[in-house]
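Novice: Return a 3D structure for these sequence lines:
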Amino acid sequence: MLILGIHMGHDAGVAVVDDGRIVAFVERERHTRVKHAAIATIDDVELALADAGATIDDVDYVSITGTQNWPFIFYDEAEFRFDFAPGMAGPLGVPPAFQERTRDHARAMVEQRDAFRTVMLEWFSGSSDYVRLSARPVDVRAPGFDFHGTREFPFYPNIWDRNLSLGALRRMPGGELAEQLSGWVQHGVFHMPVEVRLRHRRLAGILISHHTAHAASAFYQSDFDTAAILTSDGGAIKSRFGHGGGLFAQGRGNKLVPLLPNYLTSGPTYIRVGQHLCLDNGPGAPGKLMGLAPYGKPRFFDPDLVGNAYDRPDLMLSSRRPGDGDDHLIYAQTLVDRARTRARQMGYDHVEPSADTRLSPFSRDLAATTQKLFEEQNLLATLTLFELGLKLGRRSPNLAISGGCALNCPFNSRVWREGPFENVFVPPSCDDSGLAIGSALYLTHHVLDRPRQPQGSKTSTSAYLGRRHPPEAVERALREAGDDLVVTPVGDAAADAGAALAGDAVVAWFEGRSEIGPRALGHRSILADPRAGGNWERVNHIKRRETWRPFAPAVLEERAADWFDGAPLPSPFMLFTARVRSRELPAITHVDGSARIQTVARDGGGFRAVLEAFDRETGVPVVLNTSFNGPGEPIVETPQDAVRFFRTSELDRLYFDGLRVERKAAANT
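Specialist: Model (predicted):
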């Protein structure tokens, strides 16, 4: 059975799932070359299907999700759109008892159209971020332009409207909680039926909420039979469009249940503080804040701020109209204001950050404080989730984490070390790039009850799900590059690359299908010798990043424990932070002695062979591994992207399968 999963918000993508196996995945940003590109189109659908060796005629059902508070936009409704179908019969329909509420939900989304149209006239004009993310012109007034409004859940239990704090959830008797959620857990219907138009076809489909898709992405890729699930990101905690924030959820077998909103403020706070510190004006702020935090100390940490939005409602509510989606910003402002006051009392200079003071003592310590607050809030949320499982009689030893906050590697490692769960899993595309996958797997398993398939959760190979590029595509890219490059066939490209790295070359490695998610895992990577401390600054210069930003190591899985500890092993997706045990790896060791590791198993293909070759040359089974891209752009996808970057960079070599690429002057030397 072929299921199409489509995410229509920012970080748009299309997944193709065949009887539980993810056979193709297209991230829109990779081929448009617009980072976090939005608004999936029929072109994205057909790219994914072609990569799977299928066509629109082969699709059985479609599952759709979106970004909280974004409308569902159709560039050309004649080619791709969906409409609500509350009375749908068959396996995707809802029981008669829920059909009226489903109709009400559909009407509410339709009624939002006029309000959204006014807003979108502003969004898609001038130089707004929405114009950039759309990756193509959007004419709201054009005859072919159409869209739907958005609401997250078609129905939910009354307990969700009680706006419960983490403290209240922990105090609630188990019997009361079970009574409040029993019907919700048992009926198992959490989607909206839709009819989907894909060119000439009309297909049955479902629409699921943003965080349900996050939860599904984590649970169904975890290979856990049961799991507690925590989702959290930078979206609004609660708005007039419904419960758009993170979830506490549970998975058992094929079934996944969103239990309760968790109302966490940690994601929005993290983003806003990063922006306040002038690290980045957009979505790059959290990653830079995570890298800056180890340079400081959490001297402004205030336990009073730990909890969710309703543990401190005085910090959530403001003079803004309640429910406008911006209430959560008060948390960030409170943290910053308290930190500035305390810093002045302690004699800090430069407490008003600017681009020139991003590395000032105040900025470093505020970053460290924000990281500690993030960890404490999410540790408390994890403990609350564990207790929910006990109260409901559904305890699991496993935790699956998803949403943009799951990219916070120090927290992931800390919850593994200190949390109440025995096992912790984070999928490689835990951010919004994985929502299409979660959407398709949810329909396959929860709705249609098709058997689950092993997803390979303990090896990097399960992340190599991007597009295929045949050898002739590499040949064409090299022909088009001109005569300033020298291409040399090498019998063993991995051995050649390993020797080059041992000789202190910085190389790019391009292999097979691209990785899903935001981390480079060896198929679109820049590699360097981790023993040379100068490679930290050198590779940052090549990538045109701030020189203080750290790099990650890739290590042979069976040797990882000799070089790193404090993180779960194996750790194949570069989503946990470990302690570096050796002083021989200065280029990948952060100032606090940590590193965001990637273990590489024996099935790791050519990339694994590069590590083995470097180990033979040096006795060190570790290489510096970072993403093959420049600032503000996605990871390279095609051979043309790779050649283009190489020609304009200071990389020493580029490797394709069996080929070494150098500049003519360097090759002659």
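Novice: Which secondary structure element is home to residue 497?
Specialist: Per DSSP states H and E: residue 497 is located in helix 493-502.
Novice: tell me which strands and helices that helix is in contact with?
Specialist: strand 507-510, strand 524-528, helix 605-618, strand 653-656, strand 659-663 (3 or more Cβ pairs under 8 Å, 6 or more residues apart in numbering; DSSP states H and E). C-beta: built from backbone N, CA, C; applies to glycine.
Novice: Only C-alpha atoms, please: export it in PDB.
Specialist: Taking C-alpha atoms only, helix 493-502 is exported to PDB below (Å, rounded to 0.1, in the frame of the first residue of the first chain):
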ATOM      1  CA  ALA A 493      38.000   6.800  -3.200                       C
ATOM      2  CA  ALA A 494      37.600   6.200   0.500                       C
ATOM      3  CA  ALA A 495      41.300   5.200   0.900                       C
ATOM      4  CA  ASP A 496      42.300   8.200  -1.100                       C
ATOM      5  CA  ALA A 497      40.200  10.500   1.000                       C
ATOM      6  CA  GLY A 498      41.500   9.000   4.200                       C
ATOM      7  CA  ALA A 499      45.100   9.600   3.200                       C
ATOM      8  CA  ALA A 500      44.200  13.200   2.200                       C
ATOM      9  CA  LEU A 501      42.600  13.800   5.500                       C
ATOM     10  CA  ALA A 502      45.700  12.400   7.300                       C
END
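Novice: Residue numbering should commence at 8 henceforth.
Specialist: Fine by me, first position is 8 from now on; the one you just mentioned is helix 500-509.
Novice: Give me the contact list for that helix.
Specialist: The set of residues external to helix 500-509 that reach it, using Cβ atoms under 8 Å, 6 or more residues apart in numbering, is 497, 514, 516, 534-536, 613-614, 616-625, 630, 659-660, 662-667.
Novice: before we move on, back to that, how about the helices and strands packed on helix 500-509, which one is nearest residue 460?
Specialist: Across the helices and strands packed on helix 500-509, residue 460 has its closest neighbour in helix 612-625 (20.9 Å, Cβ to Cβ).
Novice: Report the mean per-residue pLDDT for that closest one.
Specialist: The average pLDDT within helix 612-625 is 98.
Novice: which residues in the stretch 208-357 of the chain form strands?
Specialist: Remark: strands assigned in the stretch 208-357 of the chain by DSSP state E, counting those that start in this stretch are 208-214, 233-238, 254-259, 262-268.
Novice: got those as CSV, with mean neighbour count columns?
Specialist: Formatted as CSV, those follow (neighbours: other Cβ atoms under 10 Å):
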stretch, mean neighbour count
strand 208-214, 20
strand 233-238, 27
strand 254-259, 24
strand 262-268, 23
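Novice: Pipe the ones you listed into a markdown table and attach mean pLDDT and distance to residue 602 per row.
Specialist: Formatted as a markdown table, these follow (pLDDT from 0 to 100; distance: least, Cβ to Cβ, whole Å):
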| stretch | mean pLDDT | distance to residue 602 |
| --- | --- | --- |
| strand 208-214 | 97 | 41 |
| strand 233-238 | 98 | 24 |
| strand 254-259 | 97 | 31 |
| strand 262-268 | 96 | 33 |
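Novice: so can I have TSV of those strands showing distance to residue 193?
Specialist: What follows is the strands of the stretch 208-357 of the chain, written out as TSV (distance: least, Cβ to Cβ, whole Å):
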stretch	distance to residue 193
strand 208-214	19
strand 233-238	17
strand 254-259	13
strand 262-268	9
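Novice: hmm, which of the contacts of helix 500-509 are the buried ones?
Specialist: The neighbour count (16 or more other Cβ atoms under 10 Å) marks 514, 516, 534-536, 613-614, 616-622, 624-625, 630, 659-660, 662-663, 666-667 as buried among these.
Novice: Between the two ends of stretch 35-43, what distance do you get?
Specialist: 8 Å (Cα to Cα, to the nearest Å).
Novice: The helix or strand where residue 586 lies: partners in the sheet, and parallel or antiparallel?
Specialist: Assigned by DSSP H and E, residue 586 falls within strand 583-587. Partners of strand 583-587 in the sheet, by DSSP bridges, are strand 571-572 (antiparallel), strand 601-607 (antiparallel).
Novice: what's the closest of those strands to residue 580?
Specialist: In terms of Cβ to Cβ, the element of the strands paired with strand 583-587 nearest to residue 580 is strand 601-607, at 6.9 Å.
Novice: that older thread, mind listing residues that contact the strand holding residue 586?
Specialist: Contacts for strand 583-587 (Cβ under 8 Å, 6+ apart): 416-417, 419-420, 423, 433, 560, 570-575, 578, 595-596, 600-604.
Novice: Also stretch 51-64?
Specialist: If you take Cβ under 8 Å, 6+ apart as the criterion, stretch 51-64 is touched by 9, 11, 13, 19-23, 25, 30-33, 35, 38, 65-66, 87, 205-208, 474-475.
Novice: ok, 7 Å please
Specialist: Contact with stretch 51-64 is made by 9, 11, 13, 19, 21-23, 30-33, 35, 38, 87, 205-206, 208, 474-475, as judged by Cβ atoms under 7 Å, 6 or more residues apart in numbering.
Novice: Which of those residues are buried, as a ChimeraX select command?
Specialist: The following ChimeraX line selects those of those that are buried, judged by 16+ other Cβ under 10 Å:
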select :9,11,13,19,21,22,23,30,31,32,33,35,38,87,205,474
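Novice: what's the offset of the helix holding residue 504 from the middle of its chain?
Specialist: What separates the centre of helix 500-509 from the centre of its chain is 31 Å, taken as Cα atoms, centre = their mean, to the nearest Å.
Novice: Direction-wise, compare that helix with helix 612-625 and give the angle.
Specialist: If you take axes from the mean of the first three to the mean of the last three Cα atoms, to 10 degrees, helix 500-509 sits at 40 degrees to helix 612-625.
Novice: show me what contacts the residue nearest the centre of the chain?
Specialist: By Cα atoms, centre = their mean, the mean C-alpha position of the chain lies nearest to residue 438, the distance being 1.5 Å. When contacts are counted by Cβ under 7 Å, 6+ apart, residue 438 touches 18, 411, 414, 524, 525.
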